[in-house]
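Asker: for reference, the sequence and a predicted model appear below.
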Amino acid sequence: RDALTELGLTYVVGVQGNIVVWPPGTEPAVPAWSGRGRKPTRLRRGGDDAPTVQVRELAEQLPATSWAAVSWREGVAETLSSRFAAVRVRPAQGDARRSEPRVEHWLLIEWPENEAKPTNFWLSTMAEEIPLTDLVYHAKQRWLIERDYQELKQELGLGHYEGRGWPGFHHHAALCVAAYGFLVAERAAFPPSGDSRTRDSETPSVPENGAGRRAPATT
């Protein structure tokens, strides 16, 4: 995640429930120097000055008002919806090697009403003012990405490469992705994805002599 941030990329990524974060409103700092020993230069976890918490524990501490029902797309049989909460936190993993805290992230939590515990967690660097519905929508794009990957492997041969070199695999994958992009664009041009009026076919012109395109020349 830190590497994505260094590249300037905004992300929404799924994380495990044991990921450690600083609670909302907490900003870690380098411990004050007591005057003895080496002067501290790194952030420190643990103790009263570092109340870090696992995200699954933080989810269970949130008040009932933090949760809201959100729908993100139409499923096969019904509209897909669940209960979500989003809070601003700072990831704490690796703080023992850092001298400055990370910027605030969104912690998105899914906790269906029929489940005893939260089921999914995401960390995101999307804008602070993003609505909860948009944050959920982006988090749930993983299903579409998995479908794309499945189609690339099964329908377009992405998984058929048997070479061992990077250039060969890169060329193979690039051609598969290009072919998939072409098919997606073609599919989007037809109803219900596209407007049928944009695909009106033109009546082909007939040569004056009545000969077809592949008809032999006439005398």
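Answerer: Nice, I can see it. Residues are numbered from 1 along each chain as shown.
Asker: which strand is the longest one in this structure?
Answerer: Ranked by residue count and defined by DSSP state E, the top strand of the chain is strand 79-91.
Asker: just want the angle from the helix or strand just after that strand to strand 79-91.
Answerer: Helices and strands here follow DSSP states H and E; after strand 79-91, the next one along the chain is strand 105-110. Angle of strand 105-110 versus strand 79-91, following axes from the mean of the first three to the mean of the last three CA atoms, to 10 degrees, is 140 degrees.
Asker: listing partners with orientation, what would you give for the longest strand of the chain?
Answerer: strand 20-22 (antiparallel), strand 68-74 (antiparallel), strand 105-110 (antiparallel) (DSSP bridges).
Asker: what lines up beside the helix or strand following the first one in the sheet?
Answerer: Toward the C-terminus, strand 20-22 is succeeded by strand 53-54 as the next helix or strand (DSSP H and E). Strand 53-54 has the following sheet partners, assigned by DSSP bridges: strand 20-22 (antiparallel).
Asker: in this structure, which segments are predicted with low confidence?
Answerer: Within the chain, the ranges that satisfy pLDDT under 70 run 44-50, 192-219.
Asker: please redo it, this time with the cut-off set to 80
Answerer: The chain contains residues with pLDDT under 80 at 27-35, 37-51, 75-77, 94-99, 191-219.
Asker: next, the angle strand 79-91 makes with whatever helix or strand Q150 lives in.
Answerer: In this assignment (DSSP H and E), Q150 forms part of helix 142-154. Between helix 142-154 and strand 79-91, the angle comes out at 100 degrees (the same axes, to 10 degrees).
Asker: buried residues in whichever helix or strand comes after helix 142-154?
Answerer: Once the chain leaves helix 142-154, the next helix or strand it forms, by DSSP H and E, is helix 166-188. By 16 or more other CB atoms under 10 Å, the buried positions in helix 166-188 come out as H172, C176, Y180. C-beta coordinates here come from the backbone N, C-alpha and C atoms, glycine included.
Asker: between those residues, which is nearest L123?
Answerer: For these, the minimum distance to L123 (CB to CB) is 28.7 Å, reached by Y180.
Asker: what sits against the closest one?
Answerer: D148, E151, L152, L156 (CB atoms under 8 Å, 6 or more residues apart in numbering).
Asker: give me the buried entries from those residues.
Answerer: Buried among these by 16+ other CB under 10 Å: L152, L156.
Asker: can you list the contacts of Y180 in TSV and add distance to W122?
Answerer: Shown next, in TSV, are those (distance: CB to CB, whole Å):
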residue	distance to W122
D148	19
E151	24
L152	24
L156	29
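Asker: and the buried residues of helix 166-188, which is closest to P24?
Answerer: Nearest member of the buried residues of helix 166-188 to P24, counting by CB to CB, is Y180, at 41.0 Å.
Asker: please save the CA atoms from the longest strand of the chain in CSV.
Answerer: Taking C-alpha atoms only, strand 79-91 is exported to CSV below (Å, rounded to 0.1, in the frame of the first residue of the first chain):
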residue,chain,number,x,y,z
THR,A,79,-30.3,-6.1,-5.4
LEU,A,80,-27.0,-6.7,-3.6
SER,A,81,-26.9,-4.7,-0.3
SER,A,82,-25.3,-4.9,3.1
ARG,A,83,-24.5,-2.8,6.2
PHE,A,84,-21.3,-0.7,6.1
ALA,A,85,-19.4,1.8,8.2
ALA,A,86,-16.5,4.1,7.2
VAL,A,87,-14.1,5.8,9.6
ARG,A,88,-10.9,7.8,9.2
VAL,A,89,-7.8,6.0,10.6
ARG,A,90,-4.0,5.8,10.2
PRO,A,91,-2.5,2.4,9.4
